[in-house]
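Chemist: curious how this folds, go ahead:
(chains A, B, C and D)
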4 protein chains.
Amino acid sequence: MKKIAVLTSGGDAPGMNAAIRAVVRKAIYEGLEVVGIKQGYQGILERNFEAMTLGAVGDIIQRGGTKLYSARFPQFKEDAVQAEAISILREEGIDGLIVIGGDGSYRGAMSLTEKGFPCVGVPGTIDNDIPGTEYTIGFDTALNTVMYSIDKIRDTATSHENSFIVEVMGRDAGDIAVWAGVAAGAETVVIPEVDFDIDMVISRLQRSADRGKKHSIIIVAEGVMSGHTLANLLKEKAGIETRVSVLGHMQRGGSPTARDRVLASRFGARAVELLLEGKAGVAVGIRNHNLVDYDLPEAYESKHQADVSLYTLSEQLSI
Amino acid sequence: MKKIAVLTSGGDAPGMNAAIRAVVRKAIYEGLEVVGIKQGYQGILERNFEAMTLGAVGDIIQRGGTKLYSARFPQFKEDAVQAEAISILREEGIDGLIVIGGDGSYRGAMSLTEKGFPCVGVPGTIDNDIPGTEYTIGFDTALNTVMYSIDKIRDTATSHENSFIVEVMGRDAGDIAVWAGVAAGAETVVIPEVDFDIDMVISRLQRSADRGKKHSIIIVAEGVMSGHTLANLLKEKAGIETRVSVLGHMQRGGSPTARDRVLASRFGARAVELLLEGKAGVAVGIRNHNLVDYDLPEAYESKHQADVSLYTLSEQLSI
Amino acid sequence: MKKIAVLTSGGDAPGMNAAIRAVVRKAIYEGLEVVGIKQGYQGILERNFEAMTLGAVGDIIQRGGTKLYSARFPQFKEDAVQAEAISILREEGIDGLIVIGGDGSYRGAMSLTEKGFPCVGVPGTIDNDIPGTEYTIGFDTALNTVMYSIDKIRDTATSHENSFIVEVMGRDAGDIAVWAGVAAGAETVVIPEVDFDIDMVISRLQRSADRGKKHSIIIVAEGVMSGHTLANLLKEKAGIETRVSVLGHMQRGGSPTARDRVLASRFGARAVELLLEGKAGVAVGIRNHNLVDYDLPEAYESKHQADVSLYTLSEQLSI
Amino acid sequence: MKKIAVLTSGGDAPGMNAAIRAVVRKAIYEGLEVVGIKQGYQGILERNFEAMTLGAVGDIIQRGGTKLYSARFPQFKEDAVQAEAISILREEGIDGLIVIGGDGSYRGAMSLTEKGFPCVGVPGTIDNDIPGTEYTIGFDTALNTVMYSIDKIRDTATSHENSFIVEVMGRDAGDIAVWAGVAAGAETVVIPEVDFDIDMVISRLQRSADRGKKHSIIIVAEGVMSGHTLANLLKEKAGIETRVSVLGHMQRGGSPTARDRVLASRFGARAVELLLEGKAGVAVGIRNHNLVDYDLPEAYESKHQADVSLYTLSEQLSI
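Modeler: Presented below is the predicted three-dimensional model:
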């Protein structure tokens, strides 16, 4: 292996730049050449390439977003498109590809590998919803962004004795919601992993009110329902007034936290090693504090489960 | 004057605690006693009082929200209620009142003053929309919160080459929108002070696109229209796709910036001096870097104007 | 067990308040009474107690420092003092004690347990140097504070093409230095766990210079030598000019990160469970993502080891 | 005027990039070409030039440091060097120069102007010490960095009931110290503008202690003495123990605040207008909220004075 490529795919996540940097520097350290592919898989077809030197990844470790851009490219499911991609990569003298992104991005990487072009996946998504790894790049930063935003909302909640519903990201995964729930001391958390029960939410709020609490923070993962829907339910069913805040796209951005930069650096460097070791069709992950690798399909065929012990903890501490 | 009181009223703003602290410490410095009234004007009627010692305002200068809480109390418009408030204040031996809040709060302060109870207003609102003062307590913090949030959104906008509409606070005032527009380098700003023209917004976006810009940030003050309404207009009229982010309540919270803490400290201390000088029915303000005081009605009878030169600057720099 | 007490001891760490809150809320959830002891072990002798209600721990999860204060109290090594402490605790009807602090604090907790008074330790120190747990409360926050400070220093380093030595906390442990080294992309890291070799530091800097890098960041843990000493060595031995920044006490403070708040919440709640389960003389910890408990002496009799794989990673990525 | 150049000189300051961006965009808006000169005046002699397009200043408004680098270049005082610089600038077809930096940088700009090459100065320095303008680019960011650092130190000061001396930047100017003193609620501030009196510092600390305060924050501007010197004085003269924190170089870096970005944008755009209006040998500034321009020598021949009313306020509020 003499030359490898790296791309980012799917939703951007803070720390992707740190991962790109680690791939490039580790590869150069190992004597490899590195090509950056812009705009995800689409960039292969459009030959949107950039030679990655040490300088190209200078001063990016601290930046949100992805220097290589990202894009959706549904056509990449097609065999013919994949075949063309491989022939372009080979023409460029590229021997292996590192794909930084969510589990959706892993399917393309697996297909290329099956067609003979070795790929390694690096988990990058704020949702922390990739099976096989305890953490994904971007989760810690998004979590802190959410938490500090709720800290701000609580200033107003406390001053005015109002209750707030905060809608956070997480279509299938409650990780951001439940971690932020514990970290920001939210009174109630609504996540996809636990069956929704409006009566339970109401009884928790009423119990809080009975204990003299004059405001509450309710966090809802967008995958369960929107914050506004929940507000309507609370009003209709129990006459409870709440204000709604939808944190939205800012959850994806920002300078990555230390954890995300370190995780991304470890993942990126390990991905290069895996290619050099001849492993392909695998993703890097972290389990029990150690780096692991596992077959890509394990990521998109199984189902991620949020840590329900945190949900229970959140309930007990928010009495 | 031997004993004064202080309350916060209207929407909370970062820096209100710094203003409370300054009132209390300056008053004690001048040999006065100070009473904190909780939950705004309502707290007078409910005798919701707290003796304010140096310790009571320790470790609050850096906190968002207001330690004295705030509440709406529409009944305070009634003469009888105001009269009762005055008699309660006198019973408590209180000789003057400092009201920290928006121009709505100033009306009550003026009524009390007209009925013989001296009040001084301190401008506290993130909207920066109080006539007679160039800055209000909380504006600088809210502005920075908005700007850093847009910095985060831009990470995603750049990575995915999408355009975003960011809806910010400001019912009647475009200050947050236009300052944040310049500070975050937004491509377009929509504020109440400038007649809305969808065609102009569209032509600006198209000119940007023609110059090769693949993403844009559009800031809209909530007073003009919601972000979602603007998104629909852009789609219907010109087929432009945008994503919408409503920054919401977090704009009100957070640890105040240095400017807000210094402004609040200056305002709070000056308000005490004004009471001691026998001035009543006035508000403190800042003009040309100097503290001023002026009659309360000037604040609620005239109209605040955002700095349109910044709007022009924003247009010129976002070519 | 009907009534338990909690204290903080040793250097303060961000997240201690979150741990106190978790102890109190979990205990109340389990039907226990809780007493807060102020100023560490000394507070027992001085009967510096506060009944901890739900309200007493409201609005503290996000605050740095410790609401219960901390203090050194060397006399607590004496048998007679410990005996008196136990008799005071029993007089107050207290059945168990949770000690939040570093491994030094654990000795006192073990002595009390050996004398018949059940104690549980919770690891709170920014240095991350307590054997038996992978992370301690406060480490993640301190790490991020260090990293963002180095990000700022790098702005100047880059603009002026100067090299900087940044001295960080860590008397015996290189955790902050080595994690920050990876996270901030430092060129060189000097930690207690790796034998210091000035020639190696010099050759790394010269290799960087040869590759065209015009500035470098060197992180040194205070336990190896001071930043100024290192600067003098570099100048004397190789004529290399550097500027020195000693990050100092700000590393201990600040609002805790999400990780620290969640870790502290888990630790605090688990410590209450351990007392209820009749376990004493143990500390809580986290290993492989799971909560564990282990005998207190394991913490102060063995030696913490920083993750040297990060040191190697830092070297490879900073070529 | 068809083509102008811009450079940054002296110590870097957050917001310099925003000023560069404003110069470039405003110039392009006005139909001019712009050249960026790297590494200050030295870059002229070394023909270290970069054509500045809209893209060249994209995504830099939020970054600390200066994209154009800065450097000391003492030789620029010599007439021959200045003459050569002018001939190089003319060769390149450059008609005017905008210099962003401190008052030291203004001397070179004035010399070039006197020799026939029109220059305009833009005040960029965190020290806020340029006569003729109320604020300089970078001051607001540095002030907030200092304040939030002191907030962190106070967490520890409060928890351990220790007193801290915090040494901040400011060789000749006490602006950072005195503003931070008010904003962070420091008990004592020592600045160059007020004669130092160790007995007064001691008596303030003792009065605080008498009132029951168990910790104090003392801010000292580096221009008066070092933090360690002050600590020794307090110990020798009054037996007062303090800990010292030297904030150091991180005060110069970081993403600029909203104020600094807006100020930089206004200054940069105005500087271009001044060149177009045929004004040379002047600096832009802000007075009473309005942009002004004044002769460059006014900046370096007169003396900046910190706002002593803030010093008095700080004293009164820290009782």
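Chemist: tell me the contacts of the residue in chain A that chain C sits nearest to?
Modeler: Closest approach between chain A and chain C, counting by C-beta to the nearest C-beta: A:Asn288, at 3.5 Å. All C-beta atoms are positioned from the backbone trio N, CA, C, and that covers glycine. Contact analysis of A:Asn288 by C-beta atoms under 8 Å, 6 or more residues apart in numbering or on different chains lists A:134, C:288-289.
Chemist: go again with 7 Å.
Modeler: By C-beta atoms under 7 Å, 6 or more residues apart in numbering or on different chains, the contact set of A:Asn288 is C:288-289.
Chemist: quick one: pLDDT of it?
Modeler: Here, the pLDDT recorded for A:Asn288 equals 86.
Chemist: and it, backbone torsions?
Modeler: Dihedral angles of A:Asn288 (phi, psi; degrees, to the nearest 10) stand at phi 50, psi 40.
Chemist: A:Ile4 and chain D, how far apart?
Modeler: Per C-beta to the nearest C-beta, to the nearest Å, A:Ile4 is found 27 Å from chain D.
Chemist: cool, and A:Phe139?
Modeler: Counting by C-beta to the nearest C-beta, the gap from A:Phe139 to chain D is 23 Å.
Chemist: that residue: neighbouring residues, count only.
Modeler: 30 (other C-beta atoms under 10 Å in any protein chain shown).
Chemist: for the closest residue to A:Val23 other than its chain neighbours, list the residues it contacts.
Modeler: Distances taken as C-beta to C-beta, 6 or more residues apart in numbering or on different chains place A:Gly268 nearest to A:Val23, at 4.3 Å, with adjacent residues excluded. Going by C-beta under 7 Å, 6+ apart, A:Gly268 touches A:19-20, A:22-23, A:26, A:122.
Chemist: now A:Gly268: how far from chain B?
Modeler: Taken as C-beta to the nearest C-beta, the span from A:Gly268 to chain B is 17 Å.
Chemist: in what element of secondary structure is that residue found?
Modeler: Using DSSP states H and E, A:Gly268 maps to helix A:258-276.
Chemist: what about that helix, average pLDDT?
Modeler: The average pLDDT within helix A:258-276 is 98.
Chemist: which element follows that helix toward the C-terminus?
Modeler: Following helix A:258-276 in sequence, per DSSP H and E, is strand A:282-287.
Chemist: does that next one pack against any helices or strands, and if so which?
Modeler: Contact analysis of strand A:282-287 by 3 or more C-beta pairs under 7 Å, 6 or more residues apart in numbering or on different chains; DSSP states H and E lists strand A:119-123, helix A:258-276, strand A:290-295, helix A:296-301 as its packing neighbours.
Chemist: among the contacts of A:Gly268, which one has the most neighbours?
Modeler: When neighbours are taken as other C-beta under 10 Å, the top entry among the contacts of A:Gly268 is A:Ala19 (33 neighbours).
Chemist: who touches that residue in this structure?
Modeler: The contact partners of A:Ala19, taken as C-beta under 7 Å, 6+ apart, are A:100, A:122, A:124, A:137, A:264, A:267-268.
Chemist: tell me where the stretch 1-150 of chain A has strands.
Modeler: A:3-8, A:33-37, A:49-51, A:96-101, A:119-123 (DSSP state E, counting those that start in this stretch).
Chemist: any idea which of the contacts of A:Ala19 is closest to C:Glu167?
Modeler: The shortest approach to C:Glu167 among the contacts of A:Ala19 belongs to A:Ala264, at 26.1 Å (C-beta to C-beta).
Chemist: which non-adjacent residue is nearest the residue of chain A found nearest chain D?
Modeler: In chain A, the residue that lies nearest chain D is A:Ser255 (8.3 Å; C-beta to the nearest C-beta). Nearest non-adjacent residue to A:Ser255, counting by C-beta to C-beta, 6+ apart: A:Gln62, 5.1 Å away.
Chemist: now do the one you found, the pLDDT please.
Modeler: 96.
Chemist: do A:Lys214 as well
Modeler: pLDDT, A:Lys214: 80.
Chemist: wait, isn't it in contact with A:Glu161?
Modeler: Yes. With contacts counted by C-beta atoms under 7 Å, A:Lys214 reaches A:Glu161, the gap being 3.9 Å.
Chemist: where's A:Leu296 relative to A:Ser149, distance?
Modeler: Relative to A:Ser149, A:Leu296 is positioned 34 Å away (C-beta to C-beta, to the nearest Å).
Chemist: now swap in A:Leu274 and tell me
Modeler: When C-beta to C-beta is the yardstick, A:Leu274 and A:Ser149 sit 37 Å from each other.
Chemist: do the same with A:Gly121
Modeler: Remark: distance between A:Gly121 and A:Ser149 (C-beta to C-beta) = 30 Å.
Chemist: which of these two has more residues huddled nearby?
Modeler: Between A:Gly121 and A:Ser149, counted using other C-beta under 10 Å, A:Gly121 has the larger neighbour count: 37 against 26.
Chemist: so what's the more buried one up against?
Modeler: Here A:Gly121 is in contact with A:99, A:106, A:109, A:283, A:296 (criterion: C-beta under 7 Å, 6+ apart).
Chemist: the last one: what's it in contact with?
Modeler: For A:Leu296, the set of contacting residues under the criterion of C-beta under 7 Å, 6+ apart consists of A:106, A:109-110, A:121, A:281-283.
Chemist: same list (these) but as JSON lines, adding pLDDT.
Modeler: Listed next are the contacts of A:Leu296 as JSON lines, based on pLDDT from 0 to 100:
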{"residue": "A:Tyr106", "pLDDT": "97"}
{"residue": "A:Ala109", "pLDDT": "98"}
{"residue": "A:Met110", "pLDDT": "98"}
{"residue": "A:Gly121", "pLDDT": "98"}
{"residue": "A:Gly281", "pLDDT": "98"}
{"residue": "A:Val282", "pLDDT": "98"}
{"residue": "A:Ala283", "pLDDT": "98"}
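Chemist: top of these by neighbour count?
Modeler: The most crowded member of the contacts of A:Leu296, judged by other C-beta under 10 Å, is A:Gly121 (37 neighbours).
Chemist: I am finished for the moment; much appreciated.
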